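Asks: Build me a structure from this.
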Amino acid sequence: MIFIIMNIIKPKWLKIKILKSNKNINIIKHNLKKNNLHSVCQESSCPNLMHCFNKGIATFMILGNICTRKCLFCNINKGKPDIINFSEAKKLSKLIYEMNLKYVVITSVNRDDLKDGGALFFSYCINKIRKKNKKIKVEILVPDFKNCEKEAITIFTYNPPDIFNHNIENVERIHSEIKPGGNYKSSLDLLYMFKKRNPNILTKSGIILGLGEKMNEILKTMHDLHDNGVSMLTIGQYLQPTKKHISVKKYITIKEFKTLKKIGKKIGFTYIASGPFVRSSYNAELQFRGIEIKIK
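Replies: Next comes the predicted model:
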């Protein structure tokens, strides 16, 4: 009975403040819809959507909105994706230019149906974006490129982003359970390979907590990430998007998040954001600039 109550009644620190104005939110939603583009903010039901859209910030999602994986924590549509629409890159770069963005995050669904996992299209989008604005900073939040990791890293080495981001998501023991098709070691290898080939480019990863992981497992994951070249880390609370998804096993307290941040700094991460609503791309520009994110 206690377990059921935990998953229905969220603690007070997980209450989202409702904004008085939604003008900017509606503008971004309209522009995305008009151009047939997608944001991971909408597709994944991110709790920060209102606040980010209100600031004119969005994490764009390429290669469609249908994922070939069935991760238990993710709210993105699953199934058979459409073929690559190359006009997506042109529309994306044009919208980013019109929004006058100085920093942009590009992510994608998993595309296990493609020989390169979609890496070449990522690179194509980076080129299109930079042609419009040479000064823009581009962060890519990539999938694991299952069975084509080396090819993907080669592509990104020829045309690297400003930040290479791949989320480990959770600890090794439950990794394959919550992320079917994924592999904990392969994710670490991907991060390591990129850093080895691109030592001057920042690497980043993220962990979501509350899925049954133990503290010693979290610490091991943090050490594993750092040992494999990750310099930036985000830690947040998993929130169940629908009843069909895996349930929350525990709500992490603000104090626990602060403790993890202190430990992360001791481990050697150059930047770490840790809090209930922290997500990998939340206030990504501030993370890139090394500015502390206020966690309430």
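Asks: give me the low-pLDDT residue ranges for the stretch 1-150 of the chain?
Replies: Applying pLDDT under 70 to the stretch 1-150 of the chain flags the ranges 1-9, 15-31, 35, 37-58.
Asks: In it, what residue spans correspond to helices?
Replies: Here the stretch 1-150 of the chain has its helices, by DSSP state H, counting those that start in this stretch, at 2-8, 23-34, 40-43, 49-54, 87-98, 119-132, 149-158.
Asks: Going along the chain, name the strands of the stretch 101-250 of the chain.
Replies: Taking DSSP state E, counting those that start in this stretch to define them, one finds strands in the stretch 101-250 of the chain at 103-108, 137-141, 163-165, 202-209, 232-237.
Asks: What is the next helix-or-strand element following the last one packed up against?
Replies: It refers to strand 232-237. Next in sequence after strand 232-237, counting helices and strands by DSSP states H and E, comes helix 254-267. Judged by 3 or more CB pairs under 8 Å, 6 or more residues apart in numbering; DSSP states H and E, the packing partners of helix 254-267 are helix 215-227, strand 232-237, strand 271-274. For glycine as for every other residue, the C-beta is placed from the backbone atoms N, C-alpha and C.
Asks: who's in contact with the longest one?
Replies: Residues lying outside helix 215-227 but in contact with it, judged by CB atoms under 8 Å, 6 or more residues apart in numbering, are 168, 170-173, 188, 191, 205, 207, 209, 233, 260, 263-264, 267-269.
Asks: Tell me the bridge partners for Ser108.
Replies: Note on Ser108: beta-bridge partners by DSSP bridges are Ile62.
Asks: And Tyr271, by the same measure?
Replies: Met232.
Asks: Look at Ala273 and say how many residues are nearby.
Replies: Neighbour count of Ala273, defined by other CB atoms under 10 Å: 25.
Asks: which residues does Lys137 contact?
Replies: Counting by CB under 8 Å, 6+ apart, Lys137 touches 102-104, 162-163, 285, 288.
Asks: Run through the bridge partners of it.
Replies: Here Lys137 sits in beta bridges with Tyr103, as judged by DSSP bridges.
Asks: Tell me how far it lies from Ser280.
Replies: 16 Å (CB to CB, to the nearest Å).
Asks: Which of the contacts of helix 215-227 are buried? Put it as a PyMOL command.
Replies: Per 16 or more other CB atoms under 10 Å, the buried members of the contacts of helix 215-227 correspond to this PyMOL selection:
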select buried, resi 168+170+171+172+188+191+205+207+209+233+260+263+264+269
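Asks: that older thread, by neighbours, which of the contacts of Lys137 wins?
Replies: Going by other CB under 10 Å, Val104 tops these with 27 neighbours.
Asks: what's the distance between Pro160 and Lys70?
Replies: 31 Å.
Asks: picking up where we left off before, would you point to the one among the helices and strands packed on helix 254-267 that's packed deepest?
Replies: strand 232-237 (a mean of 25; mean count of other CB atoms under 10 Å).
Asks: next one: it to chain centre, how far?
Replies: In terms of CA atoms, centre = their mean, to the nearest Å, the centre of strand 232-237 is set 10 Å apart from its chain centre.
Asks: got it, and stretch 185-197?
Replies: Its chain's C-alpha centre and that of stretch 185-197 lie 17 Å apart, by CA atoms, centre = their mean.
Asks: mind starting the numbering at 495 from now?
Replies: All right, first residue 495 from here; so that's stretch 679-691.
Asks: contact partners of it?
Replies: For stretch 679-691, the surrounding residues in contact (CB under 8 Å, 6+ apart) are 636, 638-640, 643-644, 646-648, 650-651, 658, 660, 662, 666, 695, 697, 699, 718-719, 722-724.
Asks: Whichever of those end up buried, select them in PyMOL.
Replies: Of these, the buried ones can be selected in PyMOL as follows, counting by 16+ other CB under 10 Å:
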select buried, resi 636+638+639+640+643+646+647+650+658+660+662+666+695+697+699+718+719+722+723+724
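Asks: returning to what we had before: out of the strands of the stretch 595-744 of the chain, flag the one nearest Gly675.
Replies: strand 597-602 (15.0 Å; CB to CB).
Asks: Would you check that Phe639 makes contact with Ala646?
Replies: Yes - using CB atoms under 8 Å, Phe639 makes contact with Ala646 at a distance of 4.0 Å.
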